[in-house]
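**Student:** sequence isn't available, so here's the structure alone:
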């Protein structure tokens, strides 16, 4: 029997109806795989090996009473066949250390999704720099004057930190905004923290599209997260409304541009954020929107991911 582990935030705090990690667990369990639950604090390193305190997990597709945890067991993490790394950002030093522990288990033969080295390399904002042909004008800098110069050139920009998620600390700034200086000072911590600036894309009114890729292949539909009235952010976490849309020709072109590099890095499950014609983020830590798209279009996105994982495991056995 395939043994699948998941490293995630506390399962009792998630909303199973919307949670993509929960969808993955349901899909794995539906294949007869055994589930093993861990939080980041359950991992440790001893004499060069990563160990885990893990609990057997059973999930049920219900709004409440939807999981059962068994008695904790301690064993090398590499005793599992595959581990899903599904901890949410912020991508801080503790998250970074966790990826190093996962890499050691990977070295012993455990398949980790997404690959820990790729998680370290593919910052969700900075990774867009690999694909400038897909992006609106952007700048990443600590220098407050440089950011103000970018604002003067573009006239209307988005400023955001590099390590957050869910729309946290994202600001729209226009020329002559009296709050410009304090926003830039706060985000850069007075010149001590890198901050991303992107030209404002007015098509956000039609939604920030989340496009899911499984081993580089796009799901044919995206969830356009339309901002609430008076908002510039489409994130569902801040009140955005999810609307299903078919991928456009431009969307598919963007996917074709990014897929080879992501596939080569071992990023099996990725969420691209696209506004209008432009790629704005490459989400690799814990991409969401599986359950919404499944419900809208009768898909089985998590099942498709498990098929890819099963094929990878079979390849390892036959190698």
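**Tutor:** Alright, I've got the coordinates. Everything quoted here is computed from the prediction, not taken from an experiment. Numbering: from 1, shown residues only.
**Student:** for the strand ranked longest in the chain, name the packing helices and strands.
**Tutor:** Taking DSSP state E as the criterion, the chain has its longest strand at strand 49-59. Strand 49-59 is packed against strand 3-8, helix 20-30, strand 34-38, strand 43-46, strand 67-69, strand 73-76, helix 93-107, with contacts defined by 3 or more C-beta pairs under 8 Å, 6 or more residues apart in numbering; DSSP states H and E. (Each C-beta comes from the backbone N, C-alpha and C, glycine too.)
**Student:** could you dump these to JSON lines with distance to residue 250 and mean pLDDT?
**Tutor:** Formatted as JSON lines, the helices and strands packed on strand 49-59 follow (distance: least, C-beta to C-beta, whole Å; pLDDT from 0 to 100):
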{"stretch": "strand 3-8", "distance to residue 250": "33", "mean pLDDT": "98"}
{"stretch": "helix 20-30", "distance to residue 250": "25", "mean pLDDT": "98"}
{"stretch": "strand 34-38", "distance to residue 250": "39", "mean pLDDT": "98"}
{"stretch": "strand 43-46", "distance to residue 250": "41", "mean pLDDT": "98"}
{"stretch": "strand 67-69", "distance to residue 250": "40", "mean pLDDT": "98"}
{"stretch": "strand 73-76", "distance to residue 250": "46", "mean pLDDT": "97"}
{"stretch": "helix 93-107", "distance to residue 250": "33", "mean pLDDT": "97"}
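**Student:** using JSON lines, lay out these together with mean neighbour count and distance to residue 53.
**Tutor:** Listed next are those as JSON lines, based on neighbours: other C-beta atoms under 10 Å; distance: least, C-beta to C-beta, whole Å:
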{"stretch": "strand 3-8", "mean neighbour count": "23", "distance to residue 53": "11"}
{"stretch": "helix 20-30", "mean neighbour count": "23", "distance to residue 53": "18"}
{"stretch": "strand 34-38", "mean neighbour count": "21", "distance to residue 53": "7"}
{"stretch": "strand 43-46", "mean neighbour count": "14", "distance to residue 53": "8"}
{"stretch": "strand 67-69", "mean neighbour count": "14", "distance to residue 53": "12"}
{"stretch": "strand 73-76", "mean neighbour count": "12", "distance to residue 53": "5"}
{"stretch": "helix 93-107", "mean neighbour count": "17", "distance to residue 53": "13"}
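**Student:** among the ones you listed, which is nearest residue 217?
**Tutor:** helix 20-30 (16.6 Å; C-beta to C-beta).
**Student:** related to what we said a few turns ago, so which of the helices and strands packed on strand 49-59 is nearest residue 297?
**Tutor:** helix 20-30 (13.8 Å).
**Student:** ok, residues contacting that closest one?
**Tutor:** 2, 4, 6, 8, 11, 14, 16, 35, 57-59, 61, 66, 84, 86, 286-291, 294, 300-303, 305-306 (C-beta atoms under 8 Å, 6 or more residues apart in numbering).
**Student:** sorry, back to before: can you put the helices and strands packed on strand 49-59 in a markdown table and add distance to residue 199?
**Tutor:** Below are the helices and strands packed on strand 49-59 laid out as a markdown table (distance: least, C-beta to C-beta, whole Å):
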| stretch | distance to residue 199 |
| --- | --- |
| strand 3-8 | 35 |
| helix 20-30 | 30 |
| strand 34-38 | 41 |
| strand 43-46 | 40 |
| strand 67-69 | 43 |
| strand 73-76 | 48 |
| helix 93-107 | 29 |
